[in-house]
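Return a 3D structure for these sequence lines:
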Amino acid sequence: MFLILILLALCLFVYFALIKPVQHWTRRGVVQLSVGRQWWENVKMILQLTPMSDIYRLMYDAFPDVRFAGVYLITSPLLVIKDPELIKQITVKDFEYFLDHSRYLPDESEPLWGKNLFALKGERWKEMRATLSPAFTSSKMKTMFFQVLSNCSERFVNHFKVEGSTDTVKVELKDAFTRFTNDAIASSSFGVECDSLKEPENEFYQIGKEATTYSGFWKNLKVIIISFLPKLALFFGIRLFTDNVSAFFRNLVVTNIAMREKDGIVRPDMIHLLMEARKGRLKHERS
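Just a heads-up that it's a prediction; the model follows:
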C-alpha cells in the first residue's frame, strides 16, 4: 500500500511539475512540439548540447504555415511570432500592451541585473527609457564612435600591422574580436582604456570574461535555479554574478564618476552621457 502511494505521488509530481506546464499552448489551441520532444530539447539545452536559438529555429521550421507557435524555456511558455504583420502590430500599434520584457533573473537574487533597462517593468521602465533615450541619438553615437571607438580600432589594426613585413599573420578570430569588443565596451561604456591584445591578462578583460561566461554544468544549473526557483536561490545565497564581479564594476563606475566630478573631466562616453542625464541636461534632438 505504501509503495502504491509513493508511485501515485510520483506520477502526480511528474504530471503537475513536468507535463502540465509544457501543455500551456496546447490548451490554448496554439501549435507546439510534443511534450516528449519539448523536454528532449530542454535537456539538450541544459547540457549545452544545443543553444536556445536552435529551439526557436526548430519551432520556426516545424510549423511553416502558422503565424505563431508555442515553445518553452524549461517550463516557462514563450510565443514565437512568425508573421511580419503580427510582429509589426505587437511592436508598434499595440506596443503599450507588450512593453515589459520577460524576467530573466529575479531582482531579489540579482540586484545588479535588476536595475538595468531590460529588467525594469511598468512605470519604472518608462521613466528610465525616457531618461536614457536622449543619450542614444545618432549624433551622440557618431561622436562616441569617432572620438572613442576609433582609438580601439586603430590599436586593433596596429597590433597586427608590421612595417615592411609581407608575412602572413595567423589570427584566432574569435579571441581577437572578443578582446576588441572588450576594449570597445571598456572605453565607450566605462571610460576605461585597455589593450587586451597587448595586455591579455588585464583586469577588465578577466572580470568581464568571468561575468559573461556561461559554459559549464554548474553555471547553467545556477541560471536555472535563479530563474525558476528564486526563493531557493535566495535562501542558499546562489548568485549568477560573484561578489568579485559585482564589486569590480560598482567600484569602477563610482570611482570614475567621482574622479570626473572632482577634476572636471569630460569624455564623450556613456558615463558622461549618464551623468548629464542625472543632471537633467540631456534633451531629445529634433531631426
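
Next, please give the residue ranges for the helices of the stretch 101-250 of the chain.
Using DSSP state H, counting those that start in this stretch, the helices found in the stretch 101-250 of the chain span residues 111-114, 122-132, 138-144, 150-160, 173-190, 203-212, 217-228, 230-236, 243-263.

quick one: which of these is nearest residue 88?
Among the helices of the stretch 101-250 of the chain, the nearest to residue 88 by CB to CB is helix 122-132 (20.2 Å). C-beta coordinates here come from the backbone N, C-alpha and C atoms, glycine included.

Which pLDDT value does the model give the residue nearest to residue 119 when sequence neighbours are not counted?
Excluding the flanking residues, the one nearest residue 119 by CB to CB, 6 or more residues apart in numbering is residue 113, at 5.7 Å. pLDDT, residue 113: 74.

What of residue 284?
Value listed for residue 284 in the pLDDT field: 55.

Contacts only, for residue 78.
Contacts for residue 78 (CB atoms under 8 Å, 6 or more residues apart in numbering) come out as 70, 71, 72, 102.

same question, residue 22
Contacts of residue 22 by CB under 8 Å, 6+ apart are 32, 35, 38, 39, 72, 75.

you'd agree it is in a helix?
Yes: assessed by DSSP: H, G, I helix; E, B strand; the rest coil, residue 22 belongs to a helix.

How much space separates it from residue 33?
Look at residue 22 and residue 33: by CB to CB, to the nearest Å, they are 9 Å apart.

give me phi/psi at residue 29?
In terms of degrees, to the nearest 10, the main-chain angles of residue 29 are phi 80, psi 20.

Around it, how many other residues sit close by?
Counted with other CB atoms under 10 Å, residues neighbouring residue 29 total 7.

just residue 145 next, same as before
14.

Please check the contacts of residue 78 and keep the buried ones.
Burial of those was assessed by neighbour count (16 or more other CB atoms under 10 Å); the buried members are 70, 71, 72.

What residues are bridge-paired with the second one?
Beta-bridge partners of residue 71, counted by DSSP bridges, are residue 78.

what residues are up against it?
Residue 71 sits next to 32, 33, 38, 55, 56, 59, 77, 78, 79, 80 when contact means CB under 8 Å, 6+ apart.

Would you mind confirming that the last one is in contact with residue 70?
Pointing back at residue 80 there. Yes: contact criterion CB atoms under 8 Å: residue 80 and residue 70 qualify, at 7.4 Å.

Now the common contact residues for the two.
Taking CB under 8 Å, 6+ apart as the contact rule, the neighbours common to residue 80 and residue 70 are residue 59.
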